[in-house]
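[1] Quick one: sequence and predicted model below, then my questions.
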Amino acid sequence: MDGRCAAETLVDFGRSAAIHTPKITFGTGTDVLLCPGSDEIYVFNTQDRKLQVVLQFPGPVGDLVQSHDKQLLYVVGESGVYCVSLPLMLSRVQSSTADASSSPSELKISSDCLAVAEEGVSSLLVVGSVLVTLSRMETFWRLTLYKTPAEQSTSNSYEMLNAFSLPLVSAAVCDDIEGKDNKGRGRRPVLICVHCGDKPLSSSSSSSEAMLADCNFRLESILFRLTFGVDVALAKSPVILCGLPDGRLYSLPLRPPGSRLRLLHSLEQPVVFVGASIVMETAPGHARCLIAVGEMGRVVLIKTCEGGPEEGGKQVGFTEGCVPGPVGCGCVDERCLYYSTGSDLLVLELSEGSDQAGAGRGDEAVVHHEETSSERVALQSPLSLNVCRVTALTRPTHNTAAGEVQVLGLTATGQLKRITLPVRREGAGLPRIPSASGRSIRDLLSAIGDVCERASALKSTIKSKNQILRHLNHVLNVSFLLLASSSEEGQPPIQEKPITCQAMTGWSRLLQKDSLNLTCVLDNASPYVLERGWTLSITVFPLSCSHGAGGGSSSRNFSFPFLNLHPGEKLEVSLPLSAEGDTSFPVKVSCSLVFSLKSLLGEDEAARTLDLQSRHVSLALTTLTVDWLDALQVDRPFQDTSITNNIQAFLSTRQVRWSGRTEGEPKSGTNPEREQYAARVRVSSELLRATLAVKPPDLDRQGLKFPNLCVSLLDWLLSGRPGGVKKGPQGDKIVLGGPEVRARGPNGHTVKLTAKEVNVGEVNVEEESLAAVEVQVESSSMAAVCGLHHAVLCRIQTLLQRAPESVASTIKMESLALRQALQRAEGLLQQIQQSGISEAFGVGLSKGQNTRSLLGAYRELRENPLLII
């Protein structure tokens with residue numbers, strides 16, 4: 001390939017976490033200063049291939065620049081600009097290496113070397129005795145000029161000469177185009193200085209005289225005068241060019257009084273590189289072209305051109321073109337622009353004489369001209385040099401004896417490479433490599449190594465992308481499977497789901513304290529594997545608000561990440577639901593599967609590409625309710641009540657209040673027995689036989705005794721709802737010995753559930769009475785009675801939903817039940833009204849009697865319920 005070059009690795013520093021854009025520049029002699037973007041600066045000798053010094057700064061290093069005599073090194077830190085004396089540093093290194101091993105010296109730079117205390121500095125530039133800093137503030141850029149001390153000193157005696165402000169772009173796009181580059185690192189603005197070439201260079205002079213130190217260039221006098229003005233050219237003032245991350249290119253003359261910043265051009269994309277080139281095939285001279293390169297590949301050439309008939313004479317022209325991007329870094333020599341896209345190192349010829357050679361190739365870059373330009377100059381298509389992952393470049397150096405052009409480059413993996421660039425053939429625009437056979441073989445091997453490294457990186461990226469796509473395909477399949485199994489609004493729920501979550505309650509005792517635990521079992525019956533990234537999320541939300549110290553109840557969320565749940569496997573997790581004494585029932589339990597996209601894309605990539613709501617995929621599995629019936633301790637043995645009663649009698653004789661009395665219960669110093677509360681629910685026997693599938697005893701053909709209707713109802717109430725929460729640590733069914741169940745509630749009080757068959761109807765009515773089953777809840781705790789009564793009613797509602805249409809009572813029995821309820825309601829209404837009138841006027845019943853009257857009305861409503869048919 002014509003554009004092939006030789007790349008030789010000098011040293012491998014290793015990959016580092018770069019916060020800022022890396023930078024590399026030449027030091028004294030054969031030393032090179034490298035800033036990888038971290039808090040260190042390396043001093044490497046290219047001739048000895050030895051790392052000499054490692055400078056450690058208090059924070060990340062953003063930029064570095066040397067004075068013109070290369071005696072001082074200015075470094076941008078978090079607190080401002082540091083100044084380090086290079087001769088003093090090298091003398092310390094030589095003294096330390098005399099009695100030390102071959103390892104490099106490490107010097108820690110303290111705050112004593114802080115020359116300019118200014119936060120937010122992004123770029124530096126030294127022009128003679130002037131130090132230029134560019135800082136980013138909240139709403140503007142600030143360009144500040146400092147006077148450096150006359151003597152070579154690192155003290156902080158830097159006098160501020162002037163300061164200029166440039167407004168930032170709008171806040172909506174400020175973070176996108178002014179914050180970080182395409183690698184996520186802090187983007188550095190570009191600062192260079194151009195000088196007027198007022199005297200011609202002889203042919204024997206080195207072409208490098210057209211360029212001064214780093215970031216300083218000497219322009220042809222005509223181009224300098226047309227670009228920056230006659231006053232600036234007559235004053236022979238250096239001009240600072242400032243390229244901002246928003247694409248604006250400003251100029252600032254230093255010497256004329258009253259100089260101001262002037263917008264020179266706008267690339268409409270972050271400025272990556274600004275330089276100058278001779279762009280001539282023959283005869284050395286000053287630079288005749290200014291080049292500005294944007295991050296997305298836009299190239300602007302500023303040079304003189306012949307004016308039209310109306311303008312007359314010469315004028316400045318702006319030529320815009322586009323090259324393949326994105327551009328990460330660049331450098332320029334007399335005739336070529338070298339830039340890196342991360343995946344390749346490219347060279348673009350800028351010489352005017354090469355336009356004829358490239359005109360017939362048909363692969364020129366896209367170009368357009370400003371109105372001030374009258375000639376059309378096409379940019380050639382850039383040539384690939386087959387060097388990948390270059391993040392920083394030095395200015396090219398020419399070896400006249402060998403006819404080579406060399407440039408040093410720092411790669412993303414931390415390798416410092418010496419890149420030998422192709423030289424030009426006489427009379428041709430295409431580059432070539434010197435024709436030594438050994439050099440050719442070495443160049444081929446180097447090119448093969450670069451291509452292999454690039455191919456390996458691309459292969460790893462493709463493999464990672466394929467794994468991400470395969471994993472996302474599994475996530476989509478699981479999502480579609482669960483969404484298709486969800487019941488639509490107004491439709492009955494689907495019984496069988498491929499992925500289900502079942503819950504069971506059970507009491508456990510630890511450190512003499514009882515607690516109610518909820519065990520959830522995730523069953524994967526789907527054909528897909530739930531791989532890394534899935535999480536079982538369980539949310540517990542109390543449905544009854546607690547008016548305690550907190551003033552309310554809040555939900556709790558439990559997350560259980562897991563790995564590779566294969567088809568047919570189950571995942572069992574346990575979580576604490578409540579402690580003994582907690583009465584915040586019923587509680588709602590929501591189970592869902594959550595997939596985090598951060599496990600696939602990574603934390604940084606997910607934060608950059610996705611918002612907070614899009615980083616997780618949540619799929620609802622089931623919603624359950626845990627009520628008082630689920631929290632009963634049926635199988636727990638009870639304490640001897642005689643001992644408790646004797647203690648209560650003893651305490652009552654001493655007129656000590658029994659601590660277990662609930663609020664609202666009457667005080668009694670003589671009766672140790674606590675007052676019992678009760679609530680009843682009546683259900684039609686015909687409804688229970690139809691829904692619970694219980695056969696009457698006379699239908700038994702084999703002589704077996706079926707459990708009666710009362711035991712079946714209690715067993716159904718305590719075994720859990722269909723598809724809901726199950727009782728017992730493993731969901732075992734509770735075996736009842738009769739129509740009476742004694743248990744302990746979650747608040748620690750004893751409760752009793754009884755069921756008996758009754759006939760509903762009046763004795764003086766000749767019509768047939770209705771057989772029913774009456775369930776009574778009895779306890780000394782009003783909270784327990786209310787909670788269990790509500791739980792029983794909720795369970796009975798599920799029977800009504802499953803009841804066939806054939807189960808119905810006659811109209812007379814319905815009217816009888818309603819007539820009895822109306823009579824009770826009228827009596828209770830009069831009682832409640834009488835209590836309210838007495839309390840309002842303060843006459844009649846006392847406050848305690850009034851409370852007992854209202855409590856009796858509430859008890860009457862509980863103990864004489866309506867018949868559920």
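    Sure thing, it's come through.
[2] Correct me if wrong: Cys591 contacts Cys501.
    Yes. Cys591 is within contact range of Cys501, at 4.1 Å (criterion: C-beta atoms under 8 Å). (Glycine included, C-beta is placed from N, CA and C.)
[3] show me where the stretch 601-750 of the chain has helices.
    Along the stretch 601-750 of the chain, the segments classed as helices by DSSP state H, counting those that start in this stretch run 603-609, 641-653, 685-692, 709-719.
[4] now swap in the chain and tell me
    Assigned by DSSP state H, the helices in the chain fall at 86-97, 171-178, 221-228, 230-234, 355-359, 437-485, 598-601, 603-609, 641-653, 685-692, 709-719, 782-802, 811-841, 847-863.
[5] Which of those helices has the lowest mean pLDDT?
    Mean pLDDT per stretch puts helix 355-359 lowest among these, at a mean of 41.
[6] okay but Asn399 is in contact with Gln406, surely?
    Yes. Between Asn399 and Gln406 there is a contact at 6.5 Å, judged by C-beta under 8 Å.
[7] In terms of neighbours, single out the busier of these two.
    The neighbour comparison of Asn399 against Gln406 (other C-beta atoms under 10 Å) goes to Gln406, with 18 against 11.
[8] what pLDDT does the more buried one get?
    On the pLDDT scale, Gln406 gets 88.
[9] and if you look at Ala283?
    Looking at Ala283, its pLDDT is 42.
[10] Pairing partners for Ser592 in the sheet, please.
    Taking DSSP bridges as the rule, Ser592 bridges to Ser537, Ala620.
[11] separation between it and Val760?
    Relative to Val760, Ser592 is positioned 45 Å away (criterion: C-beta to C-beta, to the nearest Å).
[12] same check, this time on Lys417
    According to C-beta to C-beta, Lys417 and Val760 sit 97 Å apart.
[13] Settle it for me: which of those two has more neighbours?
    When neighbours are counted by other C-beta under 10 Å, Lys417 and Val760 differ, and Lys417 comes out ahead with 22 against 19.
[14] what sits against the more buried one?
    Listed by C-beta atoms under 8 Å, 6 or more residues apart in numbering, the contact set of Lys417 reads Ala7, Glu8, Thr9, Leu10, Val387, Val390, Leu408, Gly409, Leu410, Thr411.
[15] what's the answer for Leu261, then?
    Contacts of Leu261 (C-beta under 8 Å, 6+ apart): Leu143, Phe164, Leu166, Cys242, Tyr250, Ser251, Leu252.
[16] out of those residues, which is most surrounded?
    Cys242 (25 neighbours).
[17] where in the stretch 301-450 of the chain is pLDDT low?
    Regions of the stretch 301-450 of the chain meeting the criterion pLDDT under 70 cover residues 308-312, 351-379, 400-403, 422-440, 442-443, 446.
[18] Show me where the stretch 51-200 of the chain dips below the pLDDT cut-off.
    93-102, 151-156, 170-186, 199-200.
[19] Ramachandran angles for Ala17?
    phi -80, psi 100 (degrees, to the nearest 10).
[20] What of the one 4 residues further on?
    Main-chain dihedrals, Thr21, degrees, to the nearest 10: phi -70, psi 130.
[21] Can I get stretch 574-589 in PDB, CA atoms only?
    Taking C-alpha atoms only, stretch 574-589 is exported to PDB below (Å, rounded to 0.1, in the frame of the first residue of the first chain):
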ATOM      1  CA  SER A 574     -37.800 -15.300  52.600                       C
ATOM      2  CA  LEU A 575     -38.400 -11.900  53.900                       C
ATOM      3  CA  PRO A 576     -39.600 -10.500  57.300                       C
ATOM      4  CA  LEU A 577     -43.200  -9.400  57.100                       C
ATOM      5  CA  SER A 578     -44.000  -8.200  60.700                       C
ATOM      6  CA  ALA A 579     -43.000  -8.800  64.300                       C
ATOM      7  CA  GLU A 580     -45.300 -10.000  67.000                       C
ATOM      8  CA  GLY A 581     -47.500  -7.100  68.200                       C
ATOM      9  CA  ASP A 582     -47.700  -5.500  64.700                       C
ATOM     10  CA  THR A 583     -51.400  -5.000  63.600                       C
ATOM     11  CA  SER A 584     -50.800  -3.400  60.200                       C
ATOM     12  CA  PHE A 585     -52.800  -6.000  58.400                       C
ATOM     13  CA  PRO A 586     -53.900  -6.500  55.700                       C
ATOM     14  CA  VAL A 587     -50.700  -5.900  53.600                       C
ATOM     15  CA  LYS A 588     -50.400  -6.000  49.800                       C
ATOM     16  CA  VAL A 589     -47.500  -8.000  48.400                       C
END
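[22] Show residues contacting it.
    503, 505, 513-520, 538-544, 546, 553, 558, 623-628, 631, 725, 746-748, 783, 787, 790-791, 794.
[23] List the ones among these that fall in strands.
    Among those, the residues falling in strands (DSSP state E) are 503, 505, 513-520, 538-542, 558, 623-626.
[24] Taking these, please make a PyMOL selection of just the buried ones.
    Provided next is the PyMOL selection string for whichever of the ones in strands among the contacts of stretch 574-589 are buried by 16 or more other C-beta atoms under 10 Å:
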select buried, resi 503+505+514+515+516+518+519+520+538+540+542+558+624+625+626
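[25] was I right about Tyr74 contacting Ala115?
    Yes. Between Tyr74 and Ala115 there is a contact at 7.2 Å, judged by C-beta under 8 Å.
[26] intersection of neighbour lists for these two?
    Val81, Tyr82, Cys83.
[27] Not counting sequence-adjacent ones, nearest residue to Thr413?
    The shortest distance from Thr413 to any non-neighbouring residue, by C-beta to C-beta, 6 or more residues apart in numbering, is to Arg15 (5.4 Å).
[28] thinking again about what came up before, what is the nearest of the shared contacts of Tyr74 and Ala115 to Lys108?
    Nearest to Lys108 out of the shared contacts of Tyr74 and Ala115 is Tyr82 (C-beta to C-beta; 11.7 Å).
[29] What residues are bridge-paired with the closest one?
    Bridge pairing for Tyr82 - DSSP bridges - gives Val75, Leu114.
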